[in-house]
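>>> could you work out the structure for the sequence below:
(2 chains)
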Amino acid sequence: MKLFDNTDAPVNVLDQAAVQAQGPIKGYVHSVESFGAVDGPGIRFTVFLQGCRMRCQYCHNPDTWNIGVGDEMTAEQVLDDAQRYKAFWGETGGITCSGGESLVQIDFLLDLFTKAKARGISTCLDTSGNPFTRDEPWFSQFKKLMAVTDISLVDIKHINSAEHKKLTGFGNENILDMIQWMSANGCDMWIRHVLVPERTDYDNYLTELGDYIKTLHNIQKVEVLPYHTLGVKKYNELGIAYPLDGIEPPTPDRIHNAEKLLHTADYNGYKTWLPKK
Amino acid sequence: MKQLDKSQLKDYWEGFNGGRWQDEIDVRDFIQQNLTQYNGDESFLAGPTEATTILNNQVLNLKKQERANGGVLDADTNVVATITSHGPGYLNKDLEKIVGIQTDKPFKRAFMPFGGIRMAEDALESYGFKPDPEMHKIFTEYHKTHNQGVFDVYTPDMRKARHYKIVTGLPDAYARGRIVADFPRIAIYGIDKLMADKFYDFEHTGDGEMTDDVIRLREQINDQYKALNDIKKMAAAYGYDISKPATNAQEAIQWIYFGYLAAVKTQNGAAMSVGRIDTTIDAFIERDMKRGVLTEDQAQEFIDHLVMKLRMVRFIRTEEYNSLFSGDPIWATLSLGGVGFDGRHHITKTAFRFLKTLDNMGAAPEPNITLLWSSVLPDGFKRYATEVSITSSTIQYENDDLMRTQWGTDYYGIACCVSAQPIAGGVQFFGARANLAKALLYAINGGMDEIGEVQVGPETEPISTEVIDYDEFMKKFSVQADWLADVYVNALNAIQYMHDKYYYEAAQLALKNTNLDYTFATGISGFSHAVDSISAIKYGKVHVVRDEKGVAVDFKAENPDYPRYGNNDDRADNIAKWLIKWFYGKMNTHHLYHNAKLSTSVLTITSNVVYGKNTGTTPNGRQKGEPFSPGANPAYGAEKNGALASLMSTAKIPYQYATDGISNTFGVTPNTLGHDDETRKDTLVNMVDGYMENSGMHLNINVFNKETLIDAQKHPEEYPTLTVRVSGYCVYFADLTKEQQDDVIARTFFEEM
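Modelled structure (predicted):
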């Protein structure tokens, strides 16, 4: 498989939608998981959308990077599949779009979430925020998307933009801009942060991130996700060098430390959170 | 037989709400009239008393000695176990609130030759005990056993099917078990009333023609009557008069336990179920608490001591038996919860108290705790139960809505591992399993056994083309399955006839109605492999590799992406649905002993390892000798769409045919369920609710990391009470054979990525 490198990945998502203008919008789906219990509130049907421009060193899904490949599916097809698991969702569950980076396929995502809400299915967006821009027409699409998104899981890879660029290939300015907009516009969020020794696990950065999150509104939960090595196998299969070779998962002590610095215990909205009807 | 004056019983029943149960034996009505629902959480529960801790340490220590001694601590060699064969035995008489053990010493195993003298002797010898030659003489020359009876009538075909293991685990050498006795009857009515009712039934059975059926039933009632009298004598030896109803909660639990003790003193069954005792016990506890004579600490202590006794029950078995059902299980299945037909749930504080025993005395495989689940159970209980699952992996969940509707009663219990049974009026004849994966290979090989390479099934032309033709295969599969259904059902007819004759379960059946509805249980092994193999042949273009004798030894699917069971894909799942109904139909064409109603099951306990060992490579790519997946679980590695897709496939199997149970064993790592305890509980509650809402029948839930099991295999001494749920029951991981441990480790674990 040819993998796009960091810098010149195509950005023509909207063109892709234009090509499909005659028929229903189709999304490129990498895979689905019927049982997502850590992909947002409750049990969720998780759709992994194909394509991401970031090259996070700890990414455990490098097979989802390529843009414009994968199974082509319409929103109806995805929702028909998902709805078979409705009985497992209780009051809080539903569908989550993850990736890859879901926002790469924002037109499809908007179509999918709009139709999901029409069917009474709760929607959750798992994003790194990397595609965010206030340029049009993208920004209008995003605003429409937020109107049909019950909650977003926003992954802040690094609070320091220079470090963010080292870690992912991109700075974080537009990502923090997106979060600001969501904070100001009543969008419910979980903030997640992957704790990687020698990359993100530094007290000064964690303190800075913790302080930043404190300034935000609508934060239902803050989670520290300890880096794990489950992705290594995929790198080997894809024949890509593993960037974090030799780095072990963080110790329980460091995880606890990060949770303290990010004040995770202060964000308990998730315990009583319910999706909008 | 003296007539009982009912006014005598009234005094004992003071403080209970009256009802029909006072005129006729009707435990169900007693429960309905005296149910105190509990909708709160677990905060009221009490920890262990000092006595409980001392006694429990004694039991754990005995267990340790037993393991060190090779599995058995002590065994009788010359006392034949009966209800009254042993005097009283104790752990520590001064501390035990509930008393009674199977023999005269704790953990000493009883000698039970009625199922078969050779088995009883083999079992003793395999643990280094010397059987008494006098016993051998008695049970060969003077008294016939069940095992002898069966082998006296088996046909050559039956012996062959058994020998080549297309039919395995038949209860022809051990007791069939699977009787849920109505133990609460003793507590509510006392033994005298039960004896009086049996006497009445005896007098009203067969006044006219002495037909075979009438003769059999009159003899059985007589045996039951004697058993009741013996239970009374056994209790008297412990200093209790159980002729009258229990006067308080401690007595109620003790009376119930004496009934159970009689069962495990006389039968080494394929399951020795405790049944459904939680609501009855709760009514007695509530009455005592209202009277101000019982505290929560005391109530919990009684329950703890009862459960401790259930954990101490032991049988001595042959190595062959242990390889099928590993880990010394007795299936003391205890059903909790459920919902009444009036819509009220049956969650009482006592259901919580039973779960609390796992905290007070640590995790243990027995009793086999089974929650009769419904979405209407209160949230506090659901969450507490899932918490226990997360910490100890000791609970199985069964669909009360499904079973209550199917069986037409809300007073049923779980017999054996998974099967439902009406407690007052139903009985199951247990019948092991037929290997459909092997039958499928017989179709390909013209009835030739692929391991023994001899003709076992009917001789047909083997499939000789390179690619298996689906239509040809299906025609030949039908021929082999017809033969299998015939030989299997008729072997069971012989077994049930002889079991009634030589090893009748008088003590347990004395505690049920006299006129019973019988189900004729059968089972299927190799289910998922048969389904995937048929799908491979239908959709995958399967090429055959044959050995020099022409026997198919390997298969290769040209299209390896054919649909597989376990992905919520109707193309494969419809084969699963069809297969059950099809084989049920074939078995149902036969005469069934005692006019029983046919039922089947897709549950294999740990025997999936042995069945797999004796089955050649199957067209779905499972290699010769590899374990089958357990119960109704999809084949290892077949599941590609995650846990719920897998559950949905299993949930589609029609329960109306497989009324003996459709078992699913689910393994998941804690972090897949959620990143904190509350989320994990929420996830499990929603998962079980969703599975049941989709008509899923049974779910074992194991929550741990694979690494824990691997470490426990290496260092068993550090994990003496690590329990895992295998299809339909629960075992100490350390008590499994190495092969079975490997199998449990290899089973699908759902992990987050």
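
>>> secondary structure class for whatever residue of chain B ends up closest to chain A?
Ranking the residues of chain B by distance to chain A (Cβ to the nearest Cβ) places residue B:690 first, at 3.0 Å. Glycine gets a C-beta too; all of them are placed from N, C-alpha and C. Classification of residue B:690 by DSSP: H, G, I helix; E, B strand; the rest coil places it in helix.

>>> how many other residues sit next to it?
For residue B:690, the number of neighbouring residues by other Cβ atoms under 10 Å in any protein chain shown comes to 24.

>>> repeat for residue B:211
If you count neighbours by other Cβ under 10 Å, residue B:211 ends up with 10.

>>> check the gap between it and residue B:501 for me.
Relative to residue B:501, residue B:211 is positioned 16 Å away (criterion: Cβ to Cβ, to the nearest Å).

>>> swap in residue A:173?
Spatial separation of residue A:173 from residue B:501 under the definition Cβ to Cβ is 86 Å.

>>> what residues are up against the spatially most central residue of chain B?
Taking Cα atoms, centre = their mean as the criterion, residue B:416 is the residue nearest the geometric centre of chain B, at 1.8 Å. Residues near residue B:416 by Cβ atoms under 8 Å, 6 or more residues apart in numbering or on different chains: B:177, B:178, B:270, B:271, B:273, B:331, B:333, B:428, B:430, B:728.

>>> would you turn those residues into a markdown table with pLDDT and distance to chain A?
A markdown table is the format used below for these (pLDDT from 0 to 100; distance: Cβ to the nearest Cβ, whole Å):
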| residue | pLDDT | distance to chain A |
| --- | --- | --- |
| B:177 | 88 | 34 |
| B:178 | 91 | 31 |
| B:270 | 77 | 34 |
| B:271 | 88 | 31 |
| B:273 | 96 | 30 |
| B:331 | 91 | 30 |
| B:333 | 96 | 27 |
| B:428 | 95 | 30 |
| B:430 | 93 | 33 |
| B:728 | 67 | 23 |
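
>>> tell me the confidence at residue 139?
Assuming you mean chain A. In the prediction, the pLDDT value recorded for residue A:139 is 97.

>>> wrong one, chain B
pLDDT, read off for residue B:139, is 96.

>>> and the longest helix that chain B contains, what's buried?
Assignment by DSSP state H gives helix B:470-502 as the longest helix of chain B. Applying a neighbour-count criterion of 16 or more other Cβ atoms under 10 Å in any protein chain shown, the buried positions in helix B:470-502 are B:472-473, B:476-477, B:479-500, B:502.

>>> average pLDDT for the following helix or strand past it, rounded please.
Going down the chain from helix B:470-502, the next helix or strand is helix B:506-509, by DSSP states H and E. Helix B:506-509 carries an average pLDDT of 98.

>>> packing partners of helix B:506-509?
In this structure, helix B:506-509 makes packing contacts with helix B:212-237, helix B:249-266, judged by 3 or more Cβ pairs under 8 Å, 6 or more residues apart in numbering or on different chains; DSSP states H and E.

>>> tally of neighbours for residue B:461?
Taking other Cβ under 10 Å as the criterion, the count of residues near residue B:461 is 9.

>>> mind listing what it touches?
Residue B:461 sits in contact with residue B:446, where contact means Cβ under 8 Å, 6+ apart.

>>> helix, strand, or coil at it?
Per three-state DSSP, residue B:461 ends up coil.

>>> before we move on, the earlier item: wait, the residue of chain B closest to chain A sits on residue A:89?
Yes. Contact status for residue B:690 versus residue A:89: in contact at 7.3 Å, counting by Cβ atoms under 8 Å.

>>> shared neighbours, the two?
The contact sets of residue B:690 and residue A:89 overlap at residue A:43 (Cβ under 8 Å, 6+ apart).

>>> where does the stretch 101-250 of chain A dip in pLDDT?
In the predicted model, the stretch 101-250 of chain A carries no residue with pLDDT under 70.

>>> now do the helices in it.
Secondary structure of the stretch 101-250 of chain A (DSSP state H, counting those that start in this stretch): helices at A:106-118, A:138-147, A:161-168, A:173-184, A:203-214, A:232-238.

>>> follow-up on the earlier one: count of neighbours near the nearest residue to the residue nearest to the centre of chain B once chain neighbours are set aside?
With sequence-adjacent residues excluded and distances taken as Cβ to Cβ, 6 or more residues apart in numbering or on different chains, residue B:416 is closest to residue B:271, at 3.4 Å. The burial metric for residue B:271, expressed as a neighbour count using other Cβ under 10 Å, is 28.

>>> ok, now residue B:130?
The burial count assigned to residue B:130 is 10, neighbours taken as other Cβ under 10 Å.

>>> sec struct for it, please.
Counting by three-state DSSP, the backbone at residue B:130 sits in coil.

>>> cool, thanks, talk later.
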